[in-house]
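here is my input, please return the structure:
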Amino acid sequence: MPRPKKRRRVCSLPENKRFGPMGIGRIVKEVIIMSVDEYETIRLIDLNNFTQKECSEQMDIARTTVQGIYDKARKKLADSLINGKVIVIEGGNYNLCINSNKPCGKGCRKRELINKKEGDV
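Modelled structure (predicted):
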């Protein structure tokens, strides 16, 4: 019996879940489904400059798992950019960080929101 997949910790869901080429009357032939955990690795590594090790700690999974997820996500991004396909972010095997009072780590979006609110006051 295979070992059950460990759920990845994700800080928050993306605000925009659909991305793709712009154009009037453009017919979408293919849609790429990117999972929420793939999106999270792109956010943490490419946007927040995490190492794969830091990303693995944030998501509570092995570094080798992060590497595999990240590779799949980058291929999907490249396919979308080069071939003009739409990306839809949905699904995946994850647990959403629901503790809004305490951020889950240095890349936590809730930490960014808390800091913004404190800075605005």
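
all the helices of this protein, residue numbers only.
36-42, 52-59, 63-83, 109-120 (DSSP state H).

how far away is residue 12 from residue 42?
14 Å (Cβ to Cβ, to the nearest Å). Any C-beta I mention is one placed from the backbone N, CA and C, and that applies to glycine too.

oh, I was asking about residue 21
Counting by Cβ to Cβ, the gap from residue 21 to residue 42 is 19 Å.

which of these two has more neighbours?
Per other Cβ atoms under 10 Å, whichever of residue 21 and residue 42 has more neighbours is residue 42, with 19 against 12.

does the more buried one touch residue 73 like I think?
Yes. At 5.1 Å, residue 42 and residue 73 qualify as touching, with contact defined as Cβ atoms under 8 Å.

in the chain, where is pLDDT below threshold?
23-28, 98-105, 107-121 (pLDDT under 70).

chain neighbours aside, what residue packs nearest to residue 45?
residue 55 (5.5 Å; Cβ to Cβ, 6 or more residues apart in numbering).

and that neighbour, what does it touch?
Neighbouring residues of residue 55 by Cβ atoms under 8 Å, 6 or more residues apart in numbering: 41, 44, 45, 63, 66, 70, 107.

put the buried members of those residues into a ChimeraX selection.
Of the contacts of residue 55, the buried ones go into a single ChimeraX selection, burial set by 16 or more other Cβ atoms under 10 Å:
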select :41,44,45,66,70,107
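
in CSV, list the contacts of residue 55 along with distance to residue 80.
What follows is these, written out as CSV (distance: Cβ to Cβ, whole Å):
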residue, distance to residue 80
41, 16
44, 19
45, 18
63, 26
66, 21
70, 16
107, 23
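
check the contacts of residue 55 and tell me the two furthest apart.
Pairwise distances across the contacts of residue 55 (Cβ to Cβ) peak at 15.2 Å, for the pair 63 and 107.

which residues are in contact with the nearest residue to residue 96 once chain neighbours are set aside?
Once flanking residues are discounted, residue 96 sits nearest to residue 10: 5.7 Å by Cβ to Cβ, 6+ apart. The contact partners of residue 10, by Cβ under 8 Å, 6+ apart, come to 36, 37, 40, 59, 92, 94, 95, 96, 97.
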